[in-house]
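Undergrad: turn this into a model:
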Amino acid sequence: MEMTQGLIEFNWSSLMILCNVFILYIILRKFFWEKIKKFMDDRAAAVQDAIDAAEAVNKRADEKMASYSKRIANVEEEGREIIKASKQQADAQAQIIIEEARKQASDIIAKAERTIEQERLAATEEMRKEIASIAMLAAEQIVGKEIDNVGQDAIIDQVIEDARSAKWQN
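TA: Predicted coordinates for the structure are as follows:
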């Protein structure tokens with residue numbers, strides 16, 4: 001004899017369990033439902049407040065991030081401008097230094113040329129005097145007498161001028 005039980009059976013124990021669950025539901029509903037509902041509502045409000053606060057914090061963080069990004073971009077741009085201005089200033093200063101060096105070099109060259117010209121004139125004058133004294137000695141020996149100084153200078157200048165224009169030109 002085989003005894004099979006069905007999937008759902010109805011017996012007195014099932015009825016008693018069902019009655020106990022119903023009585024428990026009524027007791028919970030009567031005494032605890034408002035407290036449980038209030039607790040759940042408070043919990044839902046607290047969760048919603050936390051979500052709202054988190055969203056507000058995220059929004060402020062996003063705004064600060066955007067602000068910092070703008071500042072960083074501005075700082076980078078200012079850095080580029082400072083570097084550009086410094087480069088231009090350095091170029092201008094280098095140009096000034098180069099111009100001053102060129103001016104000093106040209107002043108040194110001009111001074112050297114003036115010194116050379118003065119030394120050339122002094123050497124020419126000294127050479128003229130030497131040539132004059134040699135010519136005077138030669139003339140004294142040839143003529144055997146001394147030529148007076150007033151006529152001597154004019155003759156020497158004339159001889160030197162003729163020699164300079166004809167043969168001794170550089």
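
Undergrad: worst-scoring helix or strand of this protein, pLDDT-wise?
TA: helix 149-166 (a mean of 70; mean pLDDT, DSSP states H and E).

Undergrad: what does that helix rub up against?
TA: 128, 131-132, 135-136, 147 (CB atoms under 8 Å, 6 or more residues apart in numbering). Using the backbone N, CA and C atoms, a C-beta is placed for each residue, glycine as well.

Undergrad: how far is the strand or helix carrying Lys64 from where the chain is centred?
TA: Using DSSP states H and E, Lys64 sits in helix 33-143. Mean C-alpha position of helix 33-143 versus that of the full chain (CA atoms, centre = their mean, to the nearest Å) differs by 8 Å.

Undergrad: now for that helix, which elements pack on it?
TA: With contacts taken as 3 or more CB pairs under 8 Å, 6 or more residues apart in numbering; DSSP states H and E, helix 33-143 sits against helix 149-166.

Undergrad: just want the angle from the helix it packs on to helix 33-143.
TA: 120 degrees (axes from the mean of the first three to the mean of the last three CA atoms, to 10 degrees).

Undergrad: pull the CA atoms of helix 149-166 into PDB?
TA: Provided in PDB are the C-alpha atoms of helix 149-166 (Å, rounded to 0.1, in the frame of the first residue of the first chain):
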ATOM      1  CA  ASN A 149     117.500 128.800 -41.800                       C
ATOM      2  CA  VAL A 150     114.700 130.900 -43.300                       C
ATOM      3  CA  GLY A 151     115.400 129.800 -46.900                       C
ATOM      4  CA  GLN A 152     116.400 126.400 -45.700                       C
ATOM      5  CA  ASP A 153     112.900 125.400 -44.400                       C
ATOM      6  CA  ALA A 154     111.200 126.600 -47.600                       C
ATOM      7  CA  ILE A 155     113.600 124.600 -49.800                       C
ATOM      8  CA  ILE A 156     113.300 121.500 -47.700                       C
ATOM      9  CA  ASP A 157     109.500 121.700 -47.700                       C
ATOM     10  CA  GLN A 158     109.500 122.100 -51.500                       C
ATOM     11  CA  VAL A 159     111.800 119.100 -52.000                       C
ATOM     12  CA  ILE A 160     109.700 116.900 -49.700                       C
ATOM     13  CA  GLU A 161     106.500 118.000 -51.400                       C
ATOM     14  CA  ASP A 162     107.900 117.200 -54.800                       C
ATOM     15  CA  ALA A 163     109.100 113.800 -53.600                       C
ATOM     16  CA  ARG A 164     105.800 113.000 -51.900                       C
ATOM     17  CA  SER A 165     103.700 113.800 -54.900                       C
ATOM     18  CA  ALA A 166     105.900 112.100 -57.400                       C
END
